[in-house]
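Asker: with the input below, show me the fold.
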Amino acid sequence: MPGRTPIDQTDLNSPTKRSTSFKAILRLTGGVAAFAVVCALAYWWGEQRQVTGDDGLWYGIVPPVAAISLAFATRRILFSLAFAICLGGLLLHVPANPTSGHAWGSGLYAALGFLSDAIMEPANLQILLFVPPMFAMVLIISDAGGFDGILARVHKVVKGRKSAQFATASAGVLYFFDDYSNAMVVGSAMRPMTDRYRISREKLAFLVDSTSAPIASLALISTWIMYEVTLFGQSAETMGIANSGYAIFLDVLQYRFYCLFILALVFLHIFLGRDFGPMKIAEDRALAAAPNLRSEQSAIAKPYSLWVALIPLTGLLLFHVVGIWIDGGGLQKLQEGESPSSWVYWRDVIGNSENTLLIFDFAALFGLFLAITSARWLAQFPMTQMIDCLRQGVSKSLIPCLILTFAWSLKNCSDALHADDFLVALLTENVSLAFLPCLVFLVACLTSFTTGTSWGTMAILIPIVGPVAFQLEQSSYGLITMISLGAVLDGAIFGDHCSPISDTTILSSSASQCDLIQHVRTQMPYSIVGATIAILCGYLPVAYGLDWIAGIAVGILVLVVVFLLCGTKTGTPLDESTSGNCVS
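Answerer: Numbers count the residues shown, from 1 in each chain. I've put the predicted structure just below:
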């Protein structure tokens, strides 16, 4: 028929099409099988350990496991989250009376309640308000040539893929005081440079994600510090010891093996120039793409473009810092004679700030205002394009905001079903002293992976783990207690790294403009390597008496061996080496 393109049956039956269909079926089958196995094990284990209703029921873990399994099987994160939330609502009411229509209706109503509670939570609203102006600011800076101006200067120092990755990771380390803004600013600012050197979006998202929460969690001055210190302080009161929360934080800092090893992994793999698994495939695909010369050309055409980026980004940072300084009582401390050159001064100021997320919102709006002003007056950016950037910024932020909202709703669902209580009750019985840190790390990993929240995992486990370890050490604040508390923080971050329902993972992939599931899929093997080495070279041997410095040294050596044996250089075909298939 005229006007209709005939279907190419040959193309439909081509090896590529068949291979794609086979992979989709394999993913779906694997996802269903993994879901069934995990649920069966949870049921069996709960029955064996006689976990009661007071400790949560085994099917409390079903919604998050369903969401994660479906997301990996279908690569449709919104559908997976929505299905899991509805399933959670039904599980809350239907098991008690499965033949009642009222129970089914109550279950669906409960699912809507999880969603409305997530939207109405003030902290969640403040995070959602932060995302659209950030996206709009980045688009205006980019289209007005601001990032091109930065690239023109950075290009004098950055000479290739390796130095571009090193610059990105270093920027993540230097932006140490908050993980959310770290992910958004570093991911957006470095994306044009990594595109210029044909570094995959998956690698950019990995570098951003792996230098945001780990750095913020370790930093002596960050938005994380007072939260961790407060939890440690409460745990100290329960244990009946005189140590302050900050003293405990400093005690456990040397036992933060996962965070230390994941940061070492980031810089080692850049230095060695090797990747493995899905990341290797993503990097080879990016390297095979045509080079992006747009940034180099536009930077020459716009001599003031550097300031189009520096003014709003600097304004955003200054507003953020000054806002936290004022809100945290920095001025009052200054009047009392305390010196701002002391890290203790800034630790207390940042920790005392009670409106950090609200300050983020105003900082983002201030940055957007500066971006509009700078682009208009320095780069003569047309107002029609400016309005288009604002519209696109809001539009592009909708999907990340929806994913965040659904992820928080699933967290509410898991809380209602007491999934965290079930996991803790299931995995913390009959534990030997030396294995406690390792088990605590695994429990924290599983809890944060299934709930998608690192802070929530810390709040759940630290009040339990501290006193338990203290009692196992015969009411002594010793090595095992310190390692176990550090293992909670590290496990919370590991699960957060690997979970597609984690807020920091979602923001990292969004800022890097990388598909969320691809980001999780490519990052997970590296996170698993870091976690495995943390267990084998950190938590276990140090609990048995190995010096922590020796454990870190051995772990770094093992990381080097892993990349030398399992990794291949980008652009080297996997079939030319036997080392590229260690993790697939």
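Asker: can you show me the strands along this protein?
Answerer: Counting by DSSP state E, residue ranges of the strands within the chain are 274-275, 568-569.
Asker: out of the ones you listed, nearest to Gly495?
Answerer: The closest of the strands of the chain to Gly495 is strand 274-275. By C-beta to C-beta, the value is 23.0 Å. From N, CA and C alone the C-beta is placed, and that goes for glycine too.
Asker: excluding chain neighbours, give the residue nearest to Trp104 in space.
Answerer: Here the nearest residue to Trp104 in space, its sequence neighbours aside, is Val94; by C-beta to C-beta, 6 or more residues apart in numbering that works out to 6.0 Å.
Asker: swap that for Cys401, sorry
Answerer: Closest residue to Cys401 apart from its sequence neighbours, by C-beta to C-beta, 6+ apart: Leu128 at 5.2 Å.
Asker: ok, now how distant is that neighbour from Phe276?
Answerer: Taking C-beta to C-beta, to the nearest Å as the measure, Leu128 and Phe276 are separated by 36 Å.
Asker: how close does Leu365 sit to Phe130?
Answerer: With C-beta to C-beta as the criterion, Leu365 and Phe130 are 9 Å apart.
Asker: higher neighbour count, these two?
Answerer: The neighbour count for Leu365 versus Phe130, taken as other C-beta atoms under 10 Å, is higher for Phe130 (24 against 19).
Asker: the more buried one touches Ala183, doesn't it?
Answerer: No - using C-beta atoms under 8 Å as the test, Phe130 is too far from Ala183 to be in contact (11.2 Å).
Asker: which residues of the stretch 51-200 of the chain fall in helices?
Answerer: 62-74, 77-93, 101-120, 122-143, 146-154, 161-174, 179-196 (DSSP state H, counting those that start in this stretch).
Asker: what's the closest of those to Val266?
Answerer: helix 161-174 (5.2 Å).
Asker: hey, C-alpha coordinates of the closest one in CSV?
Answerer: Included here for helix 161-174 are C-alpha records, laid out as CSV according to Å, rounded to 0.1, in the frame of the first residue of the first chain:
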residue,chain,number,x,y,z
ARG,A,161,40.8,10.1,29.4
LYS,A,162,42.9,9.2,32.4
SER,A,163,43.4,12.8,33.6
ALA,A,164,39.7,13.6,32.9
GLN,A,165,38.6,10.8,35.1
PHE,A,166,41.1,11.8,37.8
ALA,A,167,39.8,15.4,37.7
THR,A,168,36.2,14.1,38.1
ALA,A,169,37.1,11.9,41.0
SER,A,170,39.1,14.7,42.6
ALA,A,171,36.3,17.1,42.3
GLY,A,172,34.0,14.6,44.1
VAL,A,173,36.6,14.3,46.9
LEU,A,174,37.0,18.1,47.2
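Asker: quick one: residues in contact with that helix.
Answerer: Contact with helix 161-174 is made by 154, 157-158, 182, 186, 189-190, 193-194, 196-199, 203-204, 207-208, 210-212, 215, 263, 266-267, 270-271, 273, 287, 570, as judged by C-beta atoms under 8 Å, 6 or more residues apart in numbering.
Asker: what's the residue nearest to Cys401 in contact with, if anything?
Answerer: For Leu128, the set of contacting residues under the criterion of C-beta under 8 Å, 6+ apart consists of Cys401, Leu404, Thr405.
Asker: ok, for the last one, nearest residue in space, not its chain neighbours?
Answerer: For Thr405, the nearest residue in space outside its immediate sequence neighbours is Ala118; the separation is 5.5 Å by C-beta to C-beta, 6+ apart.
Asker: what does Ile403 give?
Answerer: Leaving aside its sequence neighbours, Ile403 sits nearest to Ile506 (C-beta to C-beta, 6+ apart; 5.2 Å).
Asker: and the one you found, how many residues sit next to it?
Answerer: Residues within reach of Ile506, counting by other C-beta under 10 Å, total 27.
Asker: go on, Val562?
Answerer: 21.
Asker: residues touching the closest residue to Thr447 other than its chain neighbours, list them.
Answerer: The shortest distance from Thr447 to any residue that is not its chain neighbour, by C-beta to C-beta, 6+ apart, is 4.7 Å, and that residue is Thr457. Under the criterion of C-beta under 8 Å, 6+ apart, the neighbours of Thr457 are Asp420, Ala444, Thr447, Ser448, Thr451, Val488, Gly491, Ala492, Gly495, Asp496.
Asker: give me every residue that touches the fourth one.
Answerer: For Ser448, the residues meeting the contact criterion (C-beta under 8 Å, 6+ apart) are Ser454, Gly456, Thr457, Gly491, Ala492, Ile493, Phe494, Gly495, Asp496, Ser499, Ser502.
Asker: do you know how far it is from Asp490?
Answerer: Per C-beta to C-beta, Ser448 is found 10 Å from Asp490.
Asker: now the last one
Answerer: For Asp496, the distance to Asp490 under the criterion C-beta to C-beta works out to 10 Å.
Asker: more neighbours: which of these two?
Answerer: Looking at Asp496 and Asp490 with other C-beta under 10 Å, you find the greater number of neighbours at Asp490, namely 33 against 30.
Asker: surely the more buried one and Tyr258 touch.
Answerer: Yes - the pair Asp490 and Tyr258 passes the contact test of C-beta under 8 Å, sitting 3.6 Å apart.
Asker: which neighbours do these two share?
Answerer: Overlap between the neighbourhoods of Asp490 and Tyr258 consists of Phe441, Ala534, taking contacts as C-beta under 8 Å, 6+ apart.
Asker: thinking again about what came up before, ok, of the contacts of helix 161-174, which come out buried?
Answerer: By neighbour count, with 16 or more other C-beta atoms under 10 Å, these hold 154, 158, 182, 186, 189-190, 193-194, 196-199, 203-204, 207-208, 210-212, 215, 263, 266-267, 270, 273, 570 as buried.
Asker: out of the contacts of Leu128, which one sits closest to Ile533?
Answerer: Nearest member of these to Ile533, counting by C-beta to C-beta, is Leu404, at 31.1 Å.
Asker: what pLDDT does that closest one get?
Answerer: Model confidence at Leu404, given as pLDDT, is 74.
Asker: also Ile127?
Answerer: Confidence at Ile127, expressed as pLDDT, is 78.
Asker: for it, what are its contacts?
Answerer: For Ile127, the contacting residues are Tyr180, Leu357, Phe360, Leu404, Asp503, by C-beta under 8 Å, 6+ apart.
Asker: contacting residues for the first one?
Answerer: Read it as Tyr180. Applying C-beta under 8 Å, 6+ apart as the definition, the contact partners of Tyr180 turn out to be Ile127, Phe130, Ser212, Phe360, Asp503, Thr504, Leu507.
Asker: go again with 7 Å.
Answerer: Phe360, Leu507 (C-beta atoms under 7 Å, 6 or more residues apart in numbering).
Asker: that'll do, ta.
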